[in-house]
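Trainee: got a sequence here, can you build the structure:
(one chain, ligands or ions: 2)
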Amino acid sequence: MASPVAAQAGKLLRRLALRPRLLAPRSQGVQLTSRRWLNLQEYQSKKLMSDNGVRVQRFFVANTASEALEAAKRLNAKEIVLKAQILAGGRGKGVFNSGLKGGVHLTKDPKVVGQLAKQMIGYNLATKQTPKEGVKVNKVMVAEALDISRETYLAILMDRSCNGPVLVGSPQGGVDIEEVAASNPELIFKEQIDIFEGIKDSQAQRMAENLGFLGPLKNQAADQIKKLYNLFLKIDATQVEVNPFGETPEGQVVCFDAKINFDDNAEFRQKDIFAMDDKSENEPIENEAARYDLKYIGLDGNIACFVNGAGLAMATCDIIFLNGGKPANFLDLGGGVKEAQVYQAFKLLTSDPKVEAILVNIFGGIVNCAIIANGITKACRELELKVPLVVRLEVALHGKHGWCMPLRQETENPNRNITHLRKYVIHQNLNQCVPGIFLL
Ligand code: GDP
Ligand code: MN
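Mentor: Ligands and ions are numbered 1, 2, ... in the order given. You can find the predicted model right below:
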């Protein structure tokens with residue numbers, strides 16, 4: 001049975017839509033992780049590509065219609081392609097709430113670029129991968145259009161089932177690759193790459209051939225594939241997807257589109273790339289949460305969840321659903337949480353007008369409950385909590401051979417932590433300033 005969270009969390013689905021699902025069995029359903037992903041727009045990904053020898057079209061980025069017009073004139077190209085910059089795919093077939101159809105337009109007239117950009121910038125573009133209302137377009141890419149004689153699909157993914165990188169390609173590109181995978185699985189080709197040995201010439205050549213590149217185009221495509229793989233490694237990507245990976249009638253292999261995902265754990269050594277993180281499509285509250293290293297995802301209910309561990313957070317959302325409620329958010333504090341983060345998390349939750357109650361569900365196996373208790377009591381005192389708060393702090397007892405994880409501070413009496421909160425509640429007379437605090 002699909003979990004109620006899976007059924008409800010449109011936002012999560014949207015995020016997942018941005019992730020490679022090609023190699024995952026369809027029946028797997030939604031996977032929820034507490035990861036934040038770095039998101040780059042197409043123009044940023046293409047800059048990384050061109051800096052690393054990968055062939056992309058000449059382009060400019062524009063924030064206004066007049067900038068787009070100027071860019072189109074400056075490009076001085078036979079034909080221009082104007083592309084709305086949002087983090088979701090399927091833009092070509094998308095629709096704007098300005099009425100304009102298509103997030104990707106080709107024209108020979110720079111003036112038309114200005115007119116089209118006017119109907120893109122500031123409007124929402126809805127595609128198969130966005131929420132129904134679409135995503136606001138703040139920027140457009142103005143690029144030199146090239147004729148495309150053939151569209152193929154190419155991606156490099158970090159794939160768990162292969163324990164490493166995999167090249168995935170199909171001669172049927174430019175379309176929704178998952179549909180190809182479902183209807184013509186024989187048209188999906190894979191090459192597993194040994195991360196220590198790197199990509200072999202024979203693998204790049206075989207993929208180029210499978211993609212249908214002939215004659216001199218085969219070597220050119222193989223060269224582009226190797227360069228894309230080297231970029232993938234160099235920038236700690238988890239996915240580089242090029243759809244279409246196309247060829248022109250003049251005999252050039254070109255990356256017409258680009259989507260790169262990154263390994264967030266590599267932030268420390270990819271500072272320049274992470275500095276480009278485009279958070280404009282995030283909810284402000286999500287950005288605020290990220291500042292304090294909290295894993296927060298807004299949902300549309302009214303009961304705030306305050307939980308440690310993504311699994312428990314999901315289970316908690318499910319329990320709320322099963323009891324007829326709706327979670328207002330998914331907040332995973334993680335294991336290494338500090339008191340200040342607990343306080344900030346509360347601040348976030350209480351500033352959300354949707355929130356009518358807060359449910360704290362903490363498993364003390366991976367955190368010290370005293371930290372949580374102190375954070376909560378500080379928040380209660382300082383934030384004038386106006387909504388009911390229900391707290392469950394469960395402390396794991398650690399037997400030598402038991403399944404429970406040991407407490408962080410083994411010397412502490414686990415039960416003290418709960419008593420601690422209870423004592424605070426009574427001592428600070430918190431019951432007077434909130435409609436109710438319940439300790440479970
Ligand atoms: P997506 O719809 O979000 O995946 O955006 P793409 O960048 O893939 O563009 C959608 C489609 O527009 C592509 O599959 C191409 O068919 C077409 N397209 C994009 N750029 C060009 C170009 O420079 N020339 C031509 N002829 N078609 C293009
Ligand atoms: Mn595309």
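
Trainee: elements contacting the helix ranked longest in the chain?
Mentor: Scanning the chain for the longest helix, with DSSP state H as the assignment, gives helix 216-234. Judged by 3 or more Cβ pairs under 8 Å, 6 or more residues apart in numbering; DSSP states H and E, helix 216-234 is in contact with helix 42-51, strand 150-159, strand 164-170, helix 201-210, strand 237-247, strand 253-255. Backbone N, C-alpha and C define where each C-beta goes, glycine included.

Trainee: stretch 216-232: which residues count as buried?
Mentor: Neighbour counts using 16 or more other Cβ atoms under 10 Å place 217-218, 220-229, 231-232 of stretch 216-232 among the buried residues.

Trainee: ok, back up a step: which stretch among the helices and strands packed on helix 216-234 comes nearest ligand 1?
Mentor: Set against ligand 1 and scored by Cβ to the nearest ligand atom, the helices and strands packed on helix 216-234 come closest in strand 237-247, at 4.7 Å.

Trainee: what's the closest one in contact with?
Mentor: 19-20, 89, 148-158, 169, 173-174, 177, 211, 213, 217, 221, 224, 228, 231-232, 253-263 (Cβ atoms under 8 Å, 6 or more residues apart in numbering).

Trainee: could you redo the last one with a cut-off of 6 Å?
Mentor: Applying Cβ atoms under 6 Å, 6 or more residues apart in numbering, the external contacts of strand 237-247 come out as 20, 148-158, 173-174, 217, 228, 232, 253-257, 259-263.

Trainee: okay, the angle between it and strand 164-170?
Mentor: 20 degrees (axes from the mean of the first three to the mean of the last three Cα atoms, to 10 degrees).

Trainee: quick check: Cys255 touching Gly53?
Mentor: No: Cys255 is not in contact with Gly53 according to Cβ atoms under 6 Å; the separation is 11.3 Å.

Trainee: and the two? which has more neighbours close in?
Mentor: Cys255 (24 against 13; other Cβ atoms under 10 Å).

Trainee: in three-state terms, label Leu69 for me.
Mentor: helix (DSSP: H, G, I helix; E, B strand; the rest coil).

Trainee: once you drop chain neighbours, what's closest to it?
Mentor: Nearest residue to Leu69, sequence neighbours excluded (Cβ to Cβ, 6 or more residues apart in numbering): Gly114, at 3.4 Å.

Trainee: quick one: contacts for whatever residue of the stretch 201-350 of the chain ends up closest to ligand 1?
Mentor: Here the residue of the stretch 201-350 of the chain nearest ligand 1 is Asp257; by Cβ to the nearest ligand atom that distance is 3.4 Å. Residues in contact with Asp257 (Cβ under 6 Å, 6+ apart) are Asn243.

Trainee: repeat that with 8 Å
Mentor: Asp257 sits in contact with 42, 89, 242-244, where contact means Cβ under 8 Å, 6+ apart.

Trainee: re the thing from before, so which of the buried residues of stretch 216-232 comes closest to ligand 2?
Mentor: Distance to ligand 2 across the buried residues of stretch 216-232 (Cβ to the ion) is lowest for Leu228, with 15.0 Å.

Trainee: quick one, what contacts that closest one?
Mentor: With Cβ under 8 Å, 6+ apart, Leu228 has these contacts: 49, 54, 154, 156, 240, 242, 255.

Trainee: how about TSV for those residues, with pLDDT and distance to ligand 2 added?
Mentor: Shown next, in TSV, are the contacts of Leu228 (pLDDT from 0 to 100; distance: Cβ to the ion, whole Å):
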residue	pLDDT	distance to ligand 2
Met49	98	14
Val54	98	15
Leu154	98	11
Ile156	98	16
Val240	96	13
Val242	98	8
Cys255	98	10
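
Trainee: which among these end up buried?
Mentor: So, by 16+ other Cβ under 10 Å, the buried ones in the contacts of Leu228 are 49, 54, 154, 156, 240, 242, 255.

Trainee: now distance to Leu389 too, for these, in CSV please.
Mentor: Formatted as CSV, those follow (distance: Cβ to Cβ, whole Å):
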residue, distance to Leu389
Met49, 50
Val54, 53
Leu154, 51
Ile156, 47
Val240, 45
Val242, 49
Cys255, 52
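
Trainee: close to ligand 2: what parts of this structure are there?
Mentor: 243, 257 (Cβ under 5 Å from the ion).

Trainee: rerun that using 6 Å as the cut-off
Mentor: 89, 243, 257 (Cβ under 6 Å from the ion).

Trainee: out of the residues you listed, flag the one nearest to Gly334.
Mentor: Closest approach between the residues of the chain next to ligand 2 and Gly334, by Cβ to Cβ: Gly89, at 30.0 Å.

Trainee: give me the pLDDT value at the closest one.
Mentor: What the model reports as pLDDT for Gly89 is 91.

Trainee: just the pLDDT for the residue nearest to it when sequence neighbours are not counted.
Mentor: Leaving aside its chain neighbours, Gly89 sits nearest to Gln129 (5.3 Å; criterion: Cβ to Cβ, 6+ apart). Looking at Gln129, its pLDDT reads 89.

Trainee: what's the local residue count around Gln129?
Mentor: Counted with other Cβ under 10 Å, Gln129 comes out at 20.

Trainee: next, give phi and psi for it.
Mentor: phi -100, psi 0 (degrees, to the nearest 10).

Trainee: show me the contacts for Asp201.
Mentor: 222, 226.

Trainee: check the gap between it and ligand 2 for me.
Mentor: Distance, Asp201 to ligand 2, using Cβ to the ion, to the nearest Å: 28 Å.

Trainee: which pLDDT value belongs to that residue?
Mentor: Per the predicted model, pLDDT is 98 at Asp201.

Trainee: now swap in Pro20 and tell me
Mentor: 42.

Trainee: where along the stretch 1-150 of the chain do the helices fall?
Mentor: 4-8, 10-17, 42-51, 65-75, 110-118 (DSSP state H, counting those that start in this stretch).

Trainee: mind listing what's buried along the longest one?
Mentor: Okay, so that is helix 65-75. Buried residues in helix 65-75 (16+ other Cβ under 10 Å): 65, 67-72, 75.

Trainee: near ligand 1, which residues of the stretch 151-300 of the chain show up?
Mentor: With Cβ under 6 Å from any ligand atom as the criterion, the stretch 151-300 of the chain meets ligand 1 at residues 151, 174, 243-244, 256-257.
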